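Novice: model this:
(one chain, ligands or ions: 1)
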Amino acid sequence: MAGVRRPNGYRGPVSQQNTSSAGGDQPRPADHGARVASMFNGIAGRYDLMNLVMTWGQEPRFVRRTVDHAHIPAGGRVLDLATGTGDIALEVLRRDPDARVVGVDFAPEMMEVGRARPNGDRVEWVEADAMDLPFEDESFDSVTHGYLLRNVADIPTTLAEQFRVLRPGGWMAALETSPAPDDVFKPFSTFYIRNVVPRVAKMITKTPEAYAYLSESSRAFKSPAQIAALLEDAGFVNVGHETFLFGTLAVHWAMKPVV
Ligand SMILES: C[S@@+](CC[C@H](N)C(=O)[O-])C[C@H]1O[C@@H](n2cnc3c(N)ncnc32)[C@H](O)[C@@H]1O
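Specialist: Okay, here's the model as predicted:
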């Protein structure tokens, strides 16, 4: 596809069983990545609207917080994984036109939508799997992603790749869904995720697999404490998070140690 680079030798999403032990999640089938890529390719034109509606119009605020926590140096090289239509990549460039931003996704049609957005031609769009990145060790100042971890077949492999490509002292920041905490808002947020999310996704995407998958993956995803443990297992330090929308969304951050 014009404008989206496909590195030599890339053969599509990595086939890998889920070996993650944290969180007790079900193993994912070997073709999980291919199915997720196909689903996002199929809803690419409607994704931005769906995302805005599902976050009550607050998505830009969460994207800004993610970029805040990535501690990007002036003119830095930034890797935005699962870049989709480029919300985070474009926010990085809005703040610093000199930033060098690489957006990676395995669904090229999502990136084509992003490339057509204002300043989309200033992002380097690369088709690749976040579990097997085509970049040199320590070649980025910061790594960002939005809604990647809940979609991958193996979280430790995904975090190990980010750790590898980050320079020592560099930060990663990630926006993710989070299970509703046990508090007074839980009945409301559970109702919203179980009943409202699938209906909104169905109405906007008109794709049954998309709404079933989005609802299921939001419900089943890991708590901030589980994500923090996985980041520490990958070697990151200074791990933290903040939550939004009654605890159902979180921005996580962590640093690669300098030693
Ligand atoms: C929910 S969208 C998020 C898009 C964007 N980050 C945002 O915040 O709006 C998830 C994206 O992750 C991509 N994705 C999921 N797993 C991936 C993987 N293993 N490698 C690369 N991209 C992946 C999907 O293709 C999709 O575009």
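
Novice: Quick check: residues of the stretch 101-250 of the chain near the ligand?
Specialist: Within the stretch 101-250 of the chain, the positions lying close to the ligand (C-beta under 6 Å from any ligand atom) are 104-107, 110, 129-131, 146-148, 151-152. Glycine gets a C-beta too; all of them are placed from N, C-alpha and C.

Novice: let's see it at 8 Å
Specialist: With the criterion set to C-beta under 8 Å from any ligand atom, the stretch 101-250 of the chain comes near the ligand through 104-107, 110-111, 128-131, 145-148, 151-153, 158, 175, 214.

Novice: Now the buried members of those.
Specialist: Among those, those classed as buried by 16 or more other C-beta atoms under 10 Å are 104-107, 110-111, 128-131, 145-148, 151-153, 158, 175, 214.

Novice: where's the residue nearest to residue 159 when sequence neighbours are not counted relative to residue 226, distance?
Specialist: In this structure, residue 159 finds its nearest non-sequential neighbour in residue 234, 3.9 Å apart by C-beta to C-beta, 6 or more residues apart in numbering. Taking C-beta to C-beta, to the nearest Å as the measure, residue 234 falls 13 Å from residue 226.

Novice: that older thread, mind checking which of the residues of the stretch 101-250 of the chain next to the ligand land in helices?
Specialist: Assignment to helices by DSSP state H places the following of those there: 110-111, 158, 214.

Novice: residue contacts, residue 182?
Specialist: Contact analysis of residue 182 by C-beta atoms under 8 Å, 6 or more residues apart in numbering lists nothing.

Novice: avg pLDDT for stretch 212-220?
Specialist: Computed over stretch 212-220, the mean pLDDT rounds to 70.

Novice: do stretch 67-80 as well
Specialist: Mean pLDDT, stretch 67-80: 98.

Novice: how far does it stretch from start to finish?
Specialist: Between the opening and closing residues of stretch 67-80 there is a gap of 10 Å (C-alpha to C-alpha, to the nearest Å).

Novice: Identify each buried residue in it, please.
Specialist: For stretch 67-80, by 16+ other C-beta under 10 Å, it's 67, 69-72, 76-80.

Novice: cool, and stretch 171-182?
Specialist: Using 16+ other C-beta under 10 Å as the burial criterion, the residues of stretch 171-182 that qualify are 171-180.

Novice: Also stretch 111-120?
Specialist: For stretch 111-120, by 16+ other C-beta under 10 Å, it's 111-115, 120.

Novice: what about the host helix or strand of residue 197, average pLDDT?
Specialist: Per DSSP states H and E, residue 197 falls inside helix 197-205. Computed over helix 197-205, the mean pLDDT rounds to 76.

Novice: ok, now stretch 245-254?
Specialist: Stretch 245-254 carries an average pLDDT of 92.

Novice: Residue 243 in helix, strand or coil?
Specialist: Counting by DSSP: H, G, I helix; E, B strand; the rest coil, the backbone at residue 243 sits in strand.
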